[in-house]
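using only what follows, build the 3D model:
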Amino acid sequence: MTSTAQETAKTNTDLGTVLVTGGSGFVGKNFVKTLLERGFKVKSFDIIESDIEHKNLEIITGNICEKELVEKACEGVDTVFHTAAIIGLKGGKAVSKEYRDLSYAINVDGTKGLLAALQKAGGSRFIYTASNSVIIEGKPIVNGTEDAPYTNRFNDLYTETKVIAEKWVLEQDGKEGVHTCSIRPSGIWGPGDQTMFRLFFEQIISGMFIAQVGDGSALLDNSYVHNLIHGQILAAEHLVEGGTSPGQAYFINDGDPVNMFAFSVPIIEACGNKMPRFKVPASLVKLIMVIWQELHFSLKFPEPPLPPLAIERLAFHNFFSIEKARKDLGYEPPYTTQQGIEESTPFYVELFKKMKAESGK
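Prediction:
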């Protein structure tokens, strides 16, 4: 943060009683533990009951679409960190009407109901967890910034619902006494993660991990879970009248663009495997996956091992600047990529062993 920003920024580090939605999930559980360690009184809300026990923790189990339960959860709450969502990475013909309706009910309507409940309860801060995908257009992004327009390319339900919900949340800033902001993480990883390396692990176990996609030059960024939580808390502290974050969106990531295959080498090797040396052009792999997906829809072929959109993540530069978060919030990632890998390797090794055992191979 610049000296001028430090002189003018208004903050409040007393977040009051904090509600974390998705408190039993990957990000939410780490969030709840961090807040408890810092001495906050915390409410954890999730459809799955939390297994955390602490004198300052209240556990609320239920669906975010249950209006009365959500209103009860918000009673006495000052700050909401909203991490709960359905991560629907499919779109178009790959999605049933029922799943589309469910995604909208939770990701959009659930968000609206939660903010309304906080307003009714007299709370003051609402921090929404969006995604960097809200501005991704299927072309290279180098140091993307928050002033880029929202994407109109809704190839997956997650992005579609995140764009709608984030727009709405930011428009509500200051209404009924509640300030709002949005955090846009990149790929989230760390202890408890069930996504980042799962596709690699599945392909290794099935014997299909025989080549890298692309020439190794494409860079992306990731968000180590504790870097993300640190950025979220900073945004909350600045989410006050006269502060820097009301009505704002921020990219929060590790500030270290990497190639996905190079990033994965230490984890894959810790699991007792080797990264394939053979490299296949990303354009060729994407074409094959597009054709495969069409055959899946039209002739009931098995689903492709990689969705076409996943190839773009490996083929294009796709990383975002954290300069706005640095300037407005004083954000610096507490963990380097190497430190994150060292801390989370034991977890990923156990995850790989579990997946392999469950596969029977």
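
hang on, Trp292 in a helix?
Yes. The assignment for Trp292 is a helix, going by DSSP: H, G, I helix; E, B strand; the rest coil.

isn't it right up against Pro307?
No. Using CB atoms under 8 Å, Trp292 is not in contact with Pro307; the gap is 9.8 Å. In this view, the C-beta of every residue, glycine as well, is placed from N, C-alpha and C.

who has more neighbours out of these two?
The neighbour comparison of Trp292 against Pro307 (other CB atoms under 10 Å) goes to Pro307, with 22 against 17.

low-confidence stretches in the stretch 101-250 of the chain?
Low-confidence segments of the stretch 101-250 of the chain (pLDDT under 70): 154-155.

all helices for it, in order.
Assigned by DSSP state H, counting those that start in this stretch, the helices in the stretch 101-250 of the chain fall at 110-121, 157-171, 198-206, 225-237.

in this structure, which helix is the longest?
Assignment by DSSP state H gives helix 337-359 as the longest helix of the chain.

tell me which residues are up against that helix.
189-194, 197-198, 201-202, 204-206, 222, 224, 226-227, 254, 256, 258, 263, 266-267, 270-271, 335 (CB atoms under 8 Å, 6 or more residues apart in numbering).

likewise for stretch 200-207?
Contacts for stretch 200-207 (CB under 8 Å, 6+ apart): Phe209, Ser264, Ile268, Cys271, Asn273, Pro305, Leu351, Phe352, Met355, Lys356, Ser359, Lys361.

can you tell me how far the nearest residue to Lys120 once chain neighbours are set aside sits from Lys324?
Using CB to CB, 6 or more residues apart in numbering and skipping residues adjacent in sequence, the residue nearest Lys120 is Glu71, 6.4 Å away. Per CB to CB, to the nearest Å, Glu71 is found 34 Å from Lys324.

and Thr195, by the same measure?
In terms of CB to CB, Thr195 sits 26 Å off from Lys324.

more neighbours: which of those two?
Lys324 (18 against 12).

report all helices and strands that the helix or strand that the more buried one is a member of contacts.
Lys324 belongs to helix 323-329 when assigned by DSSP states H and E. Packing contacts for helix 323-329, counted by 3 or more CB pairs under 8 Å, 6 or more residues apart in numbering; DSSP states H and E, involve helix 225-237, strand 249-252.

any chance of JSON lines for the ones you listed, columns distance to Gly144 and mean neighbour count?
Shown next, in JSON lines, are those (distance: least, CB to CB, whole Å; neighbours: other CB atoms under 10 Å):
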{"stretch": "helix 225-237", "distance to Gly144": "16", "mean neighbour count": "25"}
{"stretch": "strand 249-252", "distance to Gly144": "7", "mean neighbour count": "26"}
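
can you put the ones you listed in TSV and add distance to Ala130?
Listed next are the helices and strands packed on helix 323-329 as TSV, based on distance: least, CB to CB, whole Å:
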stretch	distance to Ala130
helix 225-237	11
strand 249-252	7
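
of all those, which lies closest to Tyr104?
strand 249-252 (20.9 Å; CB to CB).

what angle do the helix or strand just after that closest one and helix 198-206 make?
Remark: after strand 249-252, the chain's next helix or strand is helix 260-270, criterion DSSP H and E. Relative orientation of helix 260-270 versus helix 198-206 (axes from the mean of the first three to the mean of the last three CA atoms, to 10 degrees): 50 degrees.

for the record, mean pLDDT for helix 260-270?
Taken as a whole, helix 260-270 has a mean pLDDT of 96.

out of the helices and strands packed on helix 323-329, nearest to Glu166?
strand 249-252 (6.7 Å).

correct me, but Ala84 touches Val27?
No. Using CB under 8 Å, Ala84 makes no contact with Val27, being 9.5 Å away.

low-confidence ranges in the stretch 251-361 of the chain?
In the stretch 251-361 of the chain (pLDDT under 70), the answer is 308-309.

do that again at 80, thanks
282, 286, 290, 293-315, 361 (pLDDT under 80).

many thanks, I have nothing further to ask.
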